[in-house]
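A.B. asks: sharing a model prediction with you, sequence too.
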Amino acid sequence: MRTGITRRDFVRGVAYGGVGAAIGLASTSCRAGEAPAPLSKAPTAQPARKATRARVVLVRRASALDDQGRADAKAVREMLDEAMAKLDGDDGSIAKGWSSRFAAEDKVGIKGTMMMNHVHPEILVAIHDSLVEHAGLGTAAVLAWDRNRGARSREQLGGPDTQWVADPLFTCGADSISKVCSEWATALVNVPTLKCHWLSGVAISLKNWCGAVANIAVNDHAGTTWQFHGDSCADLGVFESMPVFGGKRRLVVVDAMEPYFEKGPQVDPEFFHPYGGLIVGTDPVAVDTVGMMLLQAIRDQKAGAPSPINPPPKHVGIAETKYNLGVSDPARIDIVKLGDTEGMLV
């Protein structure tokens, strides 16, 4: 969403990213007072669940986005409905897509992103309304947050993030993990924007959990709890492998309305591509693979020649081979394409 993006936002950062998904900008997010001691070792990956294939829905409507980068709420809801109806197969339904993943007694935390490259609020509202309508959740059982601010009402979800508020719930506990994930939510929806990133190549769903932890720094200096920036953030999959994140995550909805194809996460209006899309799935590795394919295609189209994402987003493949989190081989991903196929690029 370009509204509010200035040249000042752009000069805050430097380079860009690679061909996968990402963990991204370092900062001490989600502060909870005194920083705890760093972990003695990285969290243990989940047991292998080797997926052989994955299904990802890519839905696009060019008309869903105006020339100012604003999304049409009605079109966004229709796109999400279309994706959820096809997520489990051609004989699925919108209602089943939600009710098979969320129950009326759930409390759902939507992990958005509000750091420079903001998620479109229309997507957050569409998810909120779908959970209420199709899964029977009460409105108070759905919230969205990023780092130490969030939205606890539909009105706040639908407005600019300047309306998001600080709240004890949006801080981190002594374990440097968001209290939304560790104490409040029974289910999570991961809603990243689609962008390249100067540290990890790309920043999509695997990277989005960085806004749900505290006590991190780009240089992984002594005393930081989470040290994952080395080797181009190769071990980003460590977050999704933790039960408090991946164990509660039921759905990934990527905001691909305006993919940012260069030098993220800082933003320069020149590098937004008006696409009007959503990428929806339950396999975060497969979703990030499709996202990086789209970013690479946009880069090549803009350059008129191959323009590889740099650094290579190796964390996506490693999320499969080391952490067993999903499918990173495009040949084993069934991409369901809906809507405007002209200009879809994938």
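C.D. replies: Structure received. Numbering: from 1, shown residues only.
A.B. asks: could you pull out the strands for the stretch 101-250 of the chain?
C.D. replies: Listed in chain order, the strands of the stretch 101-250 of the chain (DSSP state E, counting those that start in this stretch) span 108-111, 142-146, 149-151, 187-190, 193-197, 201-203, 249-260.
A.B. asks: please name every helix or strand in contact with the second one.
C.D. replies: Strand 142-146 makes packing contacts with strand 108-111, helix 121-135, strand 149-151 when contacts are defined by 3 or more Cβ pairs under 8 Å, 6 or more residues apart in numbering; DSSP states H and E. Any C-beta I mention is one placed from the backbone N, CA and C, and that applies to glycine too.
A.B. asks: now do the contacts for the residue lying closest to Asn208 once chain neighbours are set aside.
C.D. replies: Spatial nearest neighbour of Asn208, excluding adjacent residues (Cβ to Cβ, 6 or more residues apart in numbering): Pro192 at 3.9 Å. Counting by Cβ atoms under 8 Å, 6 or more residues apart in numbering, Pro192 touches Lys111, Thr113, Val119, Ala203, Ile204, Ser205, Lys207, Asn208, Val252, Val254, Asp255.
A.B. asks: quick check: phi and psi on Pro192?
C.D. replies: Per-residue torsions, Pro192: phi -90, psi 160 (degrees, to the nearest 10).
A.B. asks: quick one: it and Val254, what's the gap?
C.D. replies: Distance, Pro192 to Val254, by Cβ to Cβ, to the nearest Å: 6 Å.
A.B. asks: any common contacting residues for the two?
C.D. replies: Common neighbours of Pro192 and Val254 (Cβ under 8 Å, 6+ apart) are Ile204, Ser205.
A.B. asks: Pro330 reaches Asp288, doesn't it?
C.D. replies: No. Pro330 lies out of contact with Asp288 (Cβ atoms under 8 Å); the separation is 11.6 Å.
A.B. asks: who has more neighbours out of these two?
C.D. replies: Asp288 (38 against 13; other Cβ atoms under 10 Å).
A.B. asks: tell me, how many residues neighbour the closest residue to Ser178 other than its chain neighbours?
C.D. replies: Excluding its sequence neighbours, the residue lying closest to Ser178 (Cβ to Cβ, 6+ apart) is Ala212, at 4.2 Å. Residues near Ala212, counting by other Cβ under 10 Å, number 26.
A.B. asks: likewise Arg53?
C.D. replies: When neighbours are counted by other Cβ under 10 Å, Arg53 registers 12.
A.B. asks: list the buried residues of stretch 246-260.
C.D. replies: 246, 248-260 (16 or more other Cβ atoms under 10 Å).
A.B. asks: quick one, the host helix or strand of Val290 and strand 249-260 angle?
C.D. replies: Element membership for Val290 (DSSP states H and E) is helix 284-303. For helix 284-303 against strand 249-260, the angle by axes from the mean of the first three to the mean of the last three Cα atoms, to 10 degrees is 10 degrees.
A.B. asks: Ile123 contacts Ala75, correct?
C.D. replies: No. With contacts counted by Cβ under 8 Å, Ile123 stays clear of Ala75, the gap being 11.0 Å.
A.B. asks: which stretches in the stretch 151-300 of the chain count as helices?
C.D. replies: Using DSSP state H, counting those that start in this stretch, the helices of the stretch 151-300 of the chain run over 154-158, 179, 205-208, 230-233, 237-240, 284-303.
A.B. asks: appreciated, that's everything.
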